[in-house]
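Predicted model and sequence follow; I will ask about them next.
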Amino acid sequence: MNGWCSRGGSGRQQISDGESELFGGPLRGDTGFATHEHAIADTSLRRSLRELPRLVAGATRLAWHAERPGLVFVVLAAVGQCACGTTALLALLALLGDVLVPAQDLRAGVRAAIPAAAVLAGASAAGAVLRALSAAVTRRIEAKVERVSTERYLSAAAAVELDAIEDPAFQRLLQTAQTGATASRQMIDPSVRIVMSLLNLVATGVVLSVLQPVLTVLLVLIVIPRAWGAMRVAQRRHLSVLRWVEHLRASQLIGRMLTSRTAAPEVRVHGAGQYLLAHHHGLAEAAEAEQGRLAGAQARTELLTAAVSGALITATYALLAAMIFTGGLALATAGTAIMAIRSGVSGLNATVDHANRLHEQGLYVRDLERFAELARPRHIPRGGADLPESVRDVHFDGVGFTYPDSDRPALENIDLTVRTGQVLALVGENGSGKSTLVKLLAGLYLPDVGRIRWSDVDLADADRWQVFDRVGVLTQDLERWPFTVAANIHIGRPQGTPARSGIEDAVSYADASDIVAALRNGLDTLLARQFRGSSELSGGQWQKIGLARIHYRDPSILVVDEPTSALDPAAEVSIFEKIRGLAGPDRAVVLITHRMAAVRHADVICVLHRGRIVERGTHDELMARGGRYAEMYRIQADQYNEETVVRRTGGPTDRNIGGKSRNDGRHPLPGQP
Ligand SMILES: Nc1ncnc2c1ncn2[C@@H]1O[C@H](COP(=O)(O)OP(=O)(O)OP(=O)(O)O)[C@@H](O)[C@H]1O
């Protein structure tokens, strides 16, 4: 169970038996953290320092966009704190100078030091107040930055073309950029602190160089090993996470399967629980070992850097003592220098930590920026030609379409008219192009070849948002919004306030009144399992809610794609009747279904095969032709034919020849009265 083997020549990555057995090797994530492997691995002290101004400038831009007055206040507060720190240091120098005068009466010295002490106390208090105010304003800026970034991300995601959402590369970027919104918030605090620490450092350096220039050099020397140590630890942590992130993902995936609702029956009945737990245990043990290794390495680095820094601090204090004894430095100056060195060291250490944080968050923010940049040209354009008030027909003229990642057209040479008042049925084998055709009809894709006209307006020139406005879609995998029943129906036409009577009418139209009445809060019942007090509907009940939603939407073109897959036979017959009834003077219905009985009454039936319309006509016309449609119809009808069952189970029959039924009318076909 716990065997390990190396992958790659240098033994860089180890995989457990669990990973080999369950995933065929380590899981390879290509989103988020994993994509930053090289950037993070390159976290060197020099590079981080070079990157710092760009990152701080980025955070400043975000803050400027979200909360200008707040940003101005924080900058002024940072300058104020720096002034307070410098004033306090100079006041300390004056105070020590007053108190530590050789051969002076101590009481006289203390009295003389009172003004300096007052300035020291005042400057320290003012610095503390500014620090607290700045922290409060920073929190406010952070919240706004996160909101602005999240909205920017979500609005860009909601406005791109469907083909962008379906594009795997764009989808990965979409997921990665999601982290950027939170990361942009987390860039603000370290940036503010870095600016403050640097200002303080400069002021401290200036004071020290005035007191004794060599002390400034020593301050820098003390800090360098610590800064290097902090960077080294952070870099190791990053690399370890990178190396183990897939491994971690594997154990999380197993954990999710153990608690998943859909996997629960098999986990129990097949005894898969113990098997998965054993693999999870192996992965967890490996992760523990890695954490132990990391902690050891971190302790060693910290010990080494503390020893070097400690030695340098000791040397500095020894130098100060020597200078005091040789009369090269006054006692008061030495005391002030010690304070300045202490605050300088802690300031620089903090700067290194903040720079690390900033560097990491900056990578995710860069993803968000890249996403916004790539999403812009893929936005569905706003504006364009207006559609006529009333559209009677939509024409496909020689339309062809190929998916971006495919080399075979999904649709070729489609000539078709969708008319209001009619039910148009699309039938054909899996992958024949039915769903693609209705996506083009709905304006979700534009044709590569030919054109689609809404009355006389070419879809390519039309305001696509007006096209969306005229279309309604009812599919088998309709969206189950995790909202109330009423919201699930209102979302069909979300413009304006929810009309209760309209929602009730829609529920009654869809024969869903009994379903809603049985729920604990009727229309206000929450349908989101993850929240307390919610209820759950069956697949068929959801389909009825979907029908209510589409009735409430009241579209000009209604696309219905396998709407009854989860319904019982009685409900299916009833819903198909309702769908047929939806076609009216101002509405066309386009029906996609593999249930041939439901297709019989369509006004026009188009048979698709490999992206082309190969037959069209009414049911009777197509049956008379004896082509592809007639064959599909008969194959399905045979399933209801008793004699066929007998023949398949070995019983004698002369009713079926060559797999086709000669139905003599005694056995009604599906959908026949
Ligand atoms: N998003 C996509 N990207 C690339 N190819 C796609 C995409 N969606 C569908 N296709 C391909 O386009 C062709 C037509 O698919 P489409 O979904 O329109 O068929 P369909 O007739 O609706 O099938 P089904 O009856 O199974 O729903 C198929 O070859 C399919 O693999």
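Good, I have the coordinates. Numbering: from 1, shown residues only.

For the rest of this, base every contact and every neighbour count on C-alpha atoms.
Noted.

distance of the nearest residue to residue 593 once chain neighbours are set aside from residue 608?
Excluding its sequence neighbours, the residue lying closest to residue 593 (Cα to Cα, 6 or more residues apart in numbering) is residue 562, at 4.8 Å. Per Cα to Cα, to the nearest Å, residue 562 is found 16 Å from residue 608.

ditto for residue 255
44 Å.

the more surrounded of the two?
With neighbours defined as other Cα atoms under 10 Å, residue 255 and residue 608 compare such that residue 608 has more, 25 against 15.

can you count the residues close to the closest residue to the more buried one other than its chain neighbours?
Leaving aside its chain neighbours, residue 608 sits nearest to residue 428 (4.8 Å; criterion: Cα to Cα, 6+ apart). A count of neighbours around residue 428, defined by other Cα under 10 Å, yields 23.

pLDDT score for residue 428?
On pLDDT, residue 428 comes in at 92.

show me the contacts for it.
Residue 428 makes contact with 434, 594, 607-609, according to Cα atoms under 8 Å, 6 or more residues apart in numbering.

One more pass at 6 Å, please.
607-609 (Cα atoms under 6 Å, 6 or more residues apart in numbering).

any idea how far it is from residue 391?
Taken as Cα to Cα, the span from residue 428 to residue 391 is 28 Å.

tell me the SS of residue 406?
At residue 406 the chain is in coil, as set by DSSP: H, G, I helix; E, B strand; the rest coil.

Please list all residues in contact with it.
So residue 406 contacts nothing (Cα under 6 Å, 6+ apart).

For it, give me phi and psi.
Torsion angles at residue 406 (phi, psi; degrees, to the nearest 10) stand at phi -120, psi 150.

Equivalent analysis for residue 579, please.
phi -60, psi -40.

Count the residues that sit near it.
Counted with other Cα under 10 Å, residues neighbouring residue 579 total 18.

Which stretches in the stretch 351-500 of the chain count as helices?
Along the stretch 351-500 of the chain, counting by DSSP state H, counting those that start in this stretch, helices occupy 434-441, 464-470, 485-490, 500-509.

Of the ones you listed, flag the one that's most buried.
helix 485-490 (a mean of 24; mean count of other Cα atoms under 10 Å).

could you dump it to PDB, C-alpha only?
The C-alpha trace of helix 485-490 is given here as PDB (Å, rounded to 0.1, in the frame of the first residue of the first chain):
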ATOM      1  CA  VAL A 485     -39.600  27.600  -6.500                       C
ATOM      2  CA  ALA A 486     -40.900  31.100  -7.300                       C
ATOM      3  CA  ALA A 487     -37.400  32.300  -8.100                       C
ATOM      4  CA  ASN A 488     -36.800  29.200 -10.300                       C
ATOM      5  CA  ILE A 489     -39.800  30.300 -12.400                       C
ATOM      6  CA  HIS A 490     -39.200  34.000 -12.300                       C
END
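
who touches it?
498, 523-525, 549.

if you average pLDDT over that helix, what comes out?
Mean pLDDT, helix 485-490: 92.

Which residue does the stretch 501-650 of the chain have closest to the ligand?
Among the residues of the stretch 501-650 of the chain, residue 611 lies nearest to the ligand; the distance is 6.8 Å by Cα to the nearest ligand atom.

How many residues are close by that residue?
Residues lying near residue 611 (other Cα under 10 Å) number 24.

That one against residue 410, yeah?
Yes. The pair residue 611 / residue 410 is scored as a contact, 5.2 Å apart, by Cα atoms under 6 Å.

Secondary structure element holding the closest residue to residue 623 other than its chain neighbours?
Distance criterion Cα to Cα, 6+ apart; nearest residue to residue 623, sequence neighbours excluded, is residue 630 at 4.7 Å. Using DSSP states H and E, residue 630 sits within helix 628-638.

Skipping adjacent residues, who's closest to residue 88 in space?
residue 120 (4.6 Å).

Which of the helices or strands spans the one you found?
Here residue 120 sits within helix 106-159, counting by DSSP H and E.

Who are the packing partners of that helix?
helix 68-99, helix 168-186 (3 or more Cα pairs under 6 Å, 6 or more residues apart in numbering; DSSP states H and E).

Can you pull the residues of the stretch 301-450 of the chain lying near the ligand?
Neighbours of the ligand within the stretch 301-450 of the chain, by Cα under 6 Å from any ligand atom: 403, 405-406, 410, 429-436.

Just the closest of those to residue 508, please.
Ranked by distance to residue 508 (Cα to Cα), those are led by residue 435 at 28.9 Å.

Tell me the predicted confidence for the closest one.
We note a pLDDT of 91 for residue 435 in this prediction.

Give me the distance between it and residue 611.
Taken as Cα to Cα, the span from residue 435 to residue 611 is 10 Å.

How about residue 324?
Residue 324 sits at a distance of 93 Å from residue 611 (criterion: Cα to Cα).

swap in residue 476?
For residue 476, the distance to residue 611 - Cα to Cα - is 22 Å.

burial measure for the residue lying closest to residue 554 once chain neighbours are set aside, as a count.
Distances taken as Cα to Cα, 6+ apart place residue 472 nearest to residue 554, at 7.5 Å, with adjacent residues excluded. Neighbour count of residue 472, defined by other Cα under 10 Å: 22.

Double-check residue 472 against residue 561; I have them as touching.
No. If you go by Cα under 6 Å, residue 472 and residue 561 don't touch, sitting 11.0 Å apart.
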